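In: Sequence and predicted model, in that order:
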Amino acid sequence: MKKNIIYALLLATSSFFTLASCSDDEFGDTIFPEVSDKLDPSSATFPLDTFLVENYLNPYNMKFSYRLEDTEIDMNYNLVPASYEKALDMAVLTKYLWYDVYETIIANSTSEAADKFFMKRYGPKMIMLVGSPAINEASGTEDRGLAEGGVKITLYAVNELDENNMAELNDLFFRTMHHEFNHILNQNIAFSDEFKDISSGSYDPMNWQTKEDIAARTSGFITAYASKDYNEDFVELIANYVIVTADQWEQYLVDATRGYEEVDVDRADIYEARNDGTYIKDVDVTYDANGNASVYKILRYTVSRDENGTPILDEEGNLIYIDSDAIDGRAIIEQKFEMCRSYMLDYFGIDVDELRREVLSRMYVTDAAGEPVQDEGGNYQNRLLMPTVSDPSQTVIDSLRYQVKRFESMQVD
Amino acid sequence: MKKLLYLLPMAALPLMFMQSCSPEQDDLFNDSAIERLEADAQSVLDLLCSSENGWEMLYFLNEEEDIPCYTLLVKFEKSGGDGVAQFASYSDITSNQYRISEKSPFTVKIDNSTVLSFDSYNSIFHVFSDPDYLGEKGPTDTDYPYDSGRGMMGDYEFNVVDHSSSDVVMLKGKKRGTYTVLRRLDADVDWQQYFTDLNATKNSMFTANPAPLRLVVGERYFHLYNGGGSIFEVVDGATDDGALTAAQDWKFVLFSDGLRFITGFDQDGVNAGQDFYYNADRTRLESSTGAYIDAGDPYWFFKTVNTADASTGNTVHNWVVEYDGMGATAKQLFDAVYASSFGQSYPNFQLIFAGLNGVGDILGLTGSNLVFSRYYNSLVKTADDNARTISYTLGETQSNMEAIYTVSNNTMRDVYSLFDGKTYRFETVQAFSMQRLRMVSVDDDELSFNVSYK
């Protein structure tokens, strides 16, 4: 005991000398130069930078980064930055079709689970834009988005953004936003193990990329990527649901009741193969020595055929579809989606049907019931290209861009 | 006593701490490390933006891959704390036409050193690192030079490794580690004219030059083949038979007044240096090592091209005698032919060195209604590798030629006599090209004429 006291005293004395010995050293407040967080109005990027501060940094404490930083990306990929113009579009569309959508749904929700700070609490702390897709050299797959650690989302292929093509916008970006955001929600609040068990024997993390989306549905996956693992399965269901119309979703479910096959077709027979009512798409082409296509590998519905390979029709003249995998893809998708629906409602007070209605009303021209309407050609009308109510001389996308461009008046040379 | 041994080191501890702060040492630098890095970054930004007409950018892509290198022009302008950059190019990445890009933001920032980051997309510069850029399509839809996901494997971020000179900035790609050079561009250089001149040089050196360039290093020399794609295929000249066996690739770029290899040229134990500059008369590129690059040996190339294939007796390429530029002796003989009735009837006739199946080397007549396989005289050729000369004697005259001798009042026979018992040496006519050579009689400088490669 006595020895311990002596040791303690010695140590205390040492500490005293230690402190005293350096007490006269003079340190400034910081060794780093002071950096102002004020934006420079002489900067070429001042308008967008100001928009990002006002719309993301201040309200959500979120950094929206459109300048490529190697410390924020996987150096194993070859990538290019987003262009300023495409970054501007992505910044306003992210707010319009993601942040503002959830804010609206939360504001209107009567659920006790609804959190008025939902986006600030669960929204990413960083969105990183990359101009090109992240292409895996070995597998040939392209990453369109990435959610990391519940705080960061990377959106790839931003330079391919084309506001005139809503289908492509959906495919490349909006689905990715909802997909990656739901990863973050899952990283904060896990979904049930029951969901994980439904397709537990069917996930294929190594070969999902060899499948087509439509063919994956027959196994109970909404897309091929959903068949990678249960995490992707969960978010793909929600992300795909909220960006498609009820008719399109129903078609997905019908797809899930059919069977699919890939067959080789000689060049001489390709016209007939593409027009027999079962053709879906080309998946590969073989070329001869002269560079001409010789054999096509096509994906088609599995149907009853005669000995010549011609589809057999039923009494009403319809194809007779065959789904021989003994899996009720539709039932599985519906079962899993109901779990997604409950998850969003129970934990966050978000009704996914309301969410979809809000998303679709911002993407397409909709009727009084909130359903997208088709033009004479059967196409949904891109709302971004429609005149705004307040100023018919400008389109919705113009008005969104103006939210950035208005800061140009504050720029100085 | 044992306790005391334990206590002594403990008691000494305060002394150690006291001593650690007692000496007053001057700081090695006046500013902190971060302040010095900030200052360096600012000086780089200032330097880059100081060139009012921009910079030549000698952009070397991945060292290991079979990917070309490029000469670009880039101009930096300040914009707030950073700046905007504008590029220009005339190459396959701009569809082989001059194009100037939009202005795109860039950043000079601090990492382990100062970094120049082209962190916002530029439609010319970022093609090099675009994983979706597969290059120009080949014969089939799937035949592209670059793989998806790899592209040209360029960098978009560079460590600024040297900016001690106000005219040259050395950059090193952060991802690929390849060095790129910025050279200050003179204020009076027109950007489009810059590429027009550079393309003319490339055309003369590569596209229109049927021969390899020659790199001479003391007693050794190398043939530099196929530089059009900015990658030479290099063969030891002493053993070269034109078949490109054992060729080794060397990447390079051309710039306004020279050529730079991706690294110092070092092959087969021969070190020739990295940078080669045009000398005053611009007939060769010279390195500070004493090595130089020129058009090569005209004797070797003439003989290599004009050697009848042993199996077929044919040569793939031939040499045509040109009237323009003839020495007085040769011109006098040709003028006599033009004045004859033959010359009146066939004013576009040409003399051609060729090879013919079953005959060997010939001197034929070609032009409208004249086929050299029907109107020729065989040649007996004697090459002297030491003297770098070729001697000719006329062999068998093809029977059709007798009629031409007659109709030309034997003036054509006199022309053919140019090659009977005469010995010629060979000279280059154009810098960096063997498209046209000059043959000069060793006995009479006026018995001379140009021959062009066909």
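Out: That came in fine, so what should we check first? Numbering: from 1, shown residues only, chains lettered A, B, ... in the order given.

In: ok, now which ones touch whichever residue of the stretch 251-400 of chain B sits closest to chain A?
Out: Proximity of the stretch 251-400 of chain B to chain A (Cβ to the nearest Cβ) peaks at B:K251, 18.9 Å away. Just so you know, the C-beta spots here come from the backbone N, C-alpha and C atoms, and that holds for glycine as well. Contact partners of B:K251, counting by Cβ atoms under 8 Å, 6 or more residues apart in numbering or on different chains, are B:60, B:63, B:68-69, B:230-232, B:261-262.

In: where does the stretch 201-350 of chain B have low pLDDT?
Out: For the stretch 201-350 of chain B, residues meeting the criterion pLDDT under 70 lie at B:307-315.

In: Which one of the contacts of B:K251 is nearest to A:N186?
Out: B:E63 (43.4 Å; Cβ to Cβ).

In: Regarding that closest one, what is its secondary structure?
Out: Of the three states, B:E63 takes coil under DSSP: H, G, I helix; E, B strand; the rest coil.

In: count of neighbours near it?
Out: Residues within reach of B:E63, counting by other Cβ atoms under 10 Å in any protein chain shown, total 16.

In: How about B:L28?
Out: Counted with other Cβ under 10 Å, B:L28 comes out at 5.

In: What of A:I333?
Out: Using other Cβ under 10 Å, the number of residues around A:I333 comes to 26.

In: Contact partners for it?
Out: Counting by Cβ under 8 Å, 6+ apart, A:I333 touches A:217, A:220-222, A:237, A:252-253, A:256.

In: So which of those residues is the closest to chain B?
Out: A:F221 (25.2 Å).

In: Using CSV, list the CA coordinates for stretch B:334-344.
Out: Extracted in CSV, the C-alpha atoms of stretch B:334-344 (Å, rounded to 0.1, in the frame of the first residue of the first chain):
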residue,chain,number,x,y,z
PHE,B,334,14.1,14.2,-121.1
ASP,B,335,13.4,17.4,-122.9
ALA,B,336,14.6,15.8,-126.1
VAL,B,337,12.0,13.0,-125.6
TYR,B,338,9.2,15.5,-125.0
ALA,B,339,10.2,17.2,-128.3
SER,B,340,9.9,14.0,-130.2
SER,B,341,6.8,12.6,-131.7
PHE,B,342,6.7,10.1,-128.9
GLY,B,343,6.8,12.9,-126.3
GLN,B,344,4.0,14.7,-128.2
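
In: Check the offset of that stretch from the chain's centre.
Out: Counting by Cα atoms, centre = their mean, to the nearest Å, stretch B:334-344 is centred 43 Å from the centre of its parent chain.

In: Check stretch A:299-312 too.
Out: Relative to its chain's centre, stretch A:299-312 lies at 37 Å (Cα atoms, centre = their mean).

In: How about stretch B:188-203?
Out: 14 Å.

In: Which element, helix or strand, includes the closest residue to A:D346 other than its chain neighbours?
Out: With sequence-adjacent residues excluded and distances taken as Cβ to Cβ, 6 or more residues apart in numbering or on different chains, A:D346 is closest to A:A113, at 6.4 Å. Under DSSP states H and E, no helix or strand contains A:A113.

In: cool, and A:R175?
Out: Here A:R175, judged by DSSP H and E, is contained in helix A:175-188.

In: Give me the residues contacting whatever helix or strand comes next after that helix.
Out: Helices and strands here follow DSSP H and E; after helix A:175-188, the next one along the chain is helix A:193-198. With contacts defined as Cβ under 8 Å, 6+ apart, helix A:193-198 is touched by A:220, A:230, A:233-234, A:332, A:335-336, A:339-340.

In: out of the residues you listed, which one sits closest to B:L244?
Out: Using Cβ to Cβ, those come closest to B:L244 at A:D233, 55.6 Å.

In: Make sure the closest one is indeed in a strand.
Out: No - counting by three-state DSSP, A:D233 is not found in a strand; it is helix.

In: Would you mind giving the domain segments of chain A?
Out: Taking automatic domain parsing as the domain assignment, the ranges for chain A are A:46-258+A:326-410, A:260-322.

In: Burial-wise, tell me which of those comes out on top.
Out: domain A:46-258+A:326-410 (a mean of 18; mean count of other Cβ atoms under 10 Å in any protein chain shown).

In: ok, back up a step: from the contacts of A:I333, which are also near chain B?
Out: Among these, no residue is within reach of chain B (Cβ under 8 Å from any Cβ of the partner chain).

In: Dump these to CSV, plus secondary structure and pLDDT.
Out: CSV is the format used below for the contacts of A:I333 (DSSP: H, G, I helix; E, B strand; the rest coil; pLDDT from 0 to 100):
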residue, secondary structure, pLDDT
A:R217, helix, 95
A:G220, coil, 96
A:F221, coil, 97
A:I222, coil, 97
A:L237, helix, 97
A:Y252, helix, 96
A:L253, helix, 97
A:A256, coil, 95
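
In: Read off the pLDDT value for the residue lying closest to A:L385 once chain neighbours are set aside.
Out: Of all residues not flanking A:L385 in the chain, A:T395 sits nearest, at 5.4 Å (Cβ to Cβ, 6+ apart). We have a pLDDT of 97 for A:T395.

In: Pretty sure A:T395 sits against A:L384.
Out: Yes - contact criterion Cβ atoms under 8 Å: A:T395 and A:L384 qualify, at 6.7 Å.
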